[in-house]
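Undergrad: For reference, the sequence and a predicted model appear below.
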Amino acid sequence: MGTGVSCSIVLAPTDKNFYWTGETISGNVVLTVDRSIKVKSIDVNIIGQLIYTETRSSGNSVASTATVRKNFYAERHPLFLPPTNGISYDEVSR
(Lines give C-alpha, C1' and ligand atoms only; values in the text may rest on other atoms or scores of the structure.)
Protein backbone atom coordinates (compact mmCIF):
# COMPACT_ATOMS: atom_id res chain seq x y z
CA MET A 1 0.00 0.00 0.00
CA GLY A 2 1.31 3.46 -0.87
CA THR A 3 1.54 6.44 1.44
CA GLY A 4 -1.36 8.27 -0.19
CA VAL A 5 0.85 11.28 -0.97
CA SER A 6 2.72 11.78 -4.22
CA CYS A 7 4.54 14.65 -5.83
CA SER A 8 5.61 15.13 -9.44
CA ILE A 9 7.05 17.88 -11.59
CA VAL A 10 5.45 18.26 -15.00
CA LEU A 11 7.54 20.36 -17.39
CA ALA A 12 5.88 22.45 -20.08
CA PRO A 13 5.96 20.62 -23.43
CA THR A 14 9.09 21.20 -25.50
CA ASP A 15 11.05 19.46 -28.22
CA LYS A 16 14.24 19.50 -26.12
CA ASN A 17 15.95 16.37 -24.84
CA PHE A 18 18.27 18.30 -22.53
CA TYR A 19 18.85 21.80 -21.17
CA TRP A 20 21.99 23.90 -20.86
CA THR A 21 23.04 25.67 -17.67
CA GLY A 22 21.27 29.03 -17.45
CA GLU A 23 18.28 28.05 -19.59
CA THR A 24 14.84 28.64 -18.12
CA ILE A 25 12.41 25.77 -17.76
CA SER A 26 8.77 25.99 -16.72
CA GLY A 27 6.16 23.62 -15.47
CA ASN A 28 4.03 22.67 -12.49
CA VAL A 29 4.63 20.94 -9.19
CA VAL A 30 1.70 18.56 -8.66
CA LEU A 31 0.98 17.35 -5.12
CA THR A 32 -1.65 14.62 -4.92
CA VAL A 33 -3.07 13.46 -1.57
CA ASP A 34 -5.83 11.04 -0.66
CA ARG A 35 -6.60 12.70 2.70
CA SER A 36 -6.16 16.03 4.49
CA ILE A 37 -2.56 16.75 5.45
CA LYS A 38 -0.87 19.65 7.24
CA VAL A 39 1.83 21.35 5.19
CA LYS A 40 4.11 24.13 6.42
CA SER A 41 6.11 24.44 3.21
CA ILE A 42 7.18 22.61 0.10
CA ASP A 43 10.78 22.66 -1.14
CA VAL A 44 11.79 21.75 -4.67
CA ASN A 45 15.37 20.59 -5.22
CA ILE A 46 16.64 21.05 -8.77
CA ILE A 47 19.52 18.76 -9.71
CA GLY A 48 21.40 18.95 -12.99
CA GLN A 49 22.69 15.52 -13.90
CA LEU A 50 24.86 14.30 -16.75
CA ILE A 51 24.07 10.70 -17.72
CA TYR A 52 26.06 8.77 -20.28
CA THR A 53 27.08 5.22 -21.09
CA GLU A 54 30.69 4.08 -21.27
CA THR A 55 31.55 1.00 -23.29
CA ARG A 56 35.00 -0.49 -22.99
CA SER A 57 36.22 -3.11 -25.39
CA SER A 58 39.18 -5.40 -25.69
CA GLY A 59 40.00 -6.54 -29.17
CA ASN A 60 36.82 -7.61 -30.97
CA SER A 61 34.71 -8.15 -27.84
CA VAL A 62 32.98 -5.71 -25.48
CA ALA A 63 34.56 -6.01 -22.04
CA SER A 64 32.09 -3.87 -20.06
CA THR A 65 29.33 -1.28 -20.33
CA ALA A 66 28.47 1.13 -17.52
CA THR A 67 26.03 4.00 -17.08
CA VAL A 68 27.67 7.01 -15.42
CA ARG A 69 25.71 9.68 -13.53
CA LYS A 70 27.37 12.91 -12.47
CA ASN A 71 25.59 15.73 -10.66
CA PHE A 72 26.85 19.13 -11.77
CA TYR A 73 24.18 21.46 -10.38
CA ALA A 74 21.97 21.51 -7.29
CA GLU A 75 19.74 24.27 -5.98
CA ARG A 76 16.94 24.33 -3.41
CA HIS A 77 13.80 26.39 -4.06
CA PRO A 78 11.40 26.75 -1.13
CA LEU A 79 7.77 27.04 -2.25
CA PHE A 80 5.68 28.41 0.59
CA LEU A 81 1.95 27.92 0.66
CA PRO A 82 -0.22 30.84 1.76
CA PRO A 83 -1.93 30.43 5.14
CA THR A 84 -5.46 29.02 4.87
CA ASN A 85 -8.48 30.56 6.58
CA GLY A 86 -6.35 33.34 8.08
CA ILE A 87 -4.48 30.88 10.30
CA SER A 88 -0.70 31.26 10.40
CA TYR A 89 1.57 28.26 10.11
CA ASP A 90 2.70 28.70 13.72
CA GLU A 91 -0.92 28.37 14.88
CA VAL A 92 -1.49 25.26 12.74
CA SER A 93 1.59 23.48 14.11
CA ARG A 94 0.54 23.88 17.77
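TA: Arrived safely, thanks for sending. Residues are numbered from 1 along each chain as shown.
Undergrad: Surely residue 12 and residue 26 touch.
TA: Yes - taking contacts as C-beta atoms under 8 Å, residue 12 lies within contact range of residue 26: 4.7 Å. For every residue, glycine as well, the C-beta is placed using N, CA and C.
Undergrad: how about the strands of the protein, start to end?
TA: 5-11, 27-33, 42-58, 61-79 (DSSP state E).
Undergrad: I'd like these laid out as a markdown table, including distance to residue 21.
TA: Listed next are those as a markdown table, based on distance: least, C-beta to C-beta, whole Å:
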| stretch | distance to residue 21 |
| --- | --- |
| strand 5-11 | 17 |
| strand 27-33 | 18 |
| strand 42-58 | 7 |
| strand 61-79 | 7 |
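Undergrad: For those strands, give me CSV that also has mean neighbour count and mean pLDDT.
TA: Converted to CSV, the strands of the chain look like this (neighbours: other C-beta atoms under 10 Å; pLDDT from 0 to 100):
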stretch, mean neighbour count, mean pLDDT
strand 5-11, 11, 84
strand 27-33, 11, 85
strand 42-58, 10, 83
strand 61-79, 9, 83
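Undergrad: Of all those strands, which one comes closest to residue 20?
TA: For residue 20, the closest of those is strand 42-58, at 9.6 Å, according to C-beta to C-beta.
Undergrad: Which residues does the closest one contact?
TA: Residues outside strand 42-58 that contact it (C-beta atoms under 8 Å, 6 or more residues apart in numbering) are 7, 9, 21, 29, 31, 62-81.
Undergrad: so it versus strand 27-33, what angle?
TA: Comparing the axes of strand 42-58 and strand 27-33 via axes from the mean of the first three to the mean of the last three C-alpha atoms, to 10 degrees yields an angle of 110 degrees.
Undergrad: strand partners of strand 42-58, parallel vs antiparallel please.
TA: Here strand 42-58 has these sheet partners by DSSP bridges: strand 61-79 (antiparallel).
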